[in-house]
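Engineer: Got a predicted structure here, sequence first:
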Amino acid sequence: MALPVTSLYGSLTGILYIALTFGVVFKRRELKIPYGDGGQRMLVKRISAHNNASQYIPLSLILLALIEAGGFAHTAWMHGLGLALLIGRSSHAYAIALDGTPHKFRLYGMLATLNGILLSCCTLLGHGLGLY
């Protein structure tokens, strides 16, 4: 079974994840800190952005794949969910990469990601309960 929408957002968020990984690797090399964070604020932030992506991206993609595999939503709806994930994670990573002050992009990123997950869950729950 082909899952073109999930494949698209899986590949795009995979590229984002690789970029976040390199952000950690390059900062570690620059600071000569092979393990841990060495108490370096910028390294802590990059590790946090990387870890955050590794927590939210898989769940979001699994939910999107379930919706797509079941044919539970129109393609436009699935693209909306995928874009919420991609824009949300990108926005969150961008905000964390800034100087560390609270930033609206971090808030917007979390809201987009969590709303995408919630809407995906509602879509699946509605079908699971036979509501539509």
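Structural biologist: Looks like it came in fine. A quick note: this is a predicted structure, and the numbers were derived from the prediction, not measured.
Engineer: what's the longest helix in this protein?
Structural biologist: helix 41-70 (DSSP state H).
Engineer: Tell me which residues of that one come out buried.
Structural biologist: 42-50, 52-53, 56-57, 60-61, 63-68 (16 or more other C-beta atoms under 10 Å). Placement of C-beta: from N, CA and C, glycine included.
Engineer: for the helix or strand that it is followed by, the distance to its chain's centre please.
Structural biologist: Using DSSP states H and E, the next helix or strand after helix 41-70 towards the C-terminus is helix 75-97. Remark: helix 75-97 is offset 6 Å from the chain centroid, using C-alpha atoms, centre = their mean, to the nearest Å.
Engineer: and helix 75-97, what does it pack onto?
Structural biologist: helix 4-31, helix 41-70, helix 104-128 (3 or more C-beta pairs under 8 Å, 6 or more residues apart in numbering; DSSP states H and E).
Engineer: So what angle separates the directions of the second one and helix 104-128?
Structural biologist: Translated: helix 41-70. Interaxial angle, helix 41-70 versus helix 104-128 (axes from the mean of the first three to the mean of the last three C-alpha atoms, to 10 degrees): 20 degrees.
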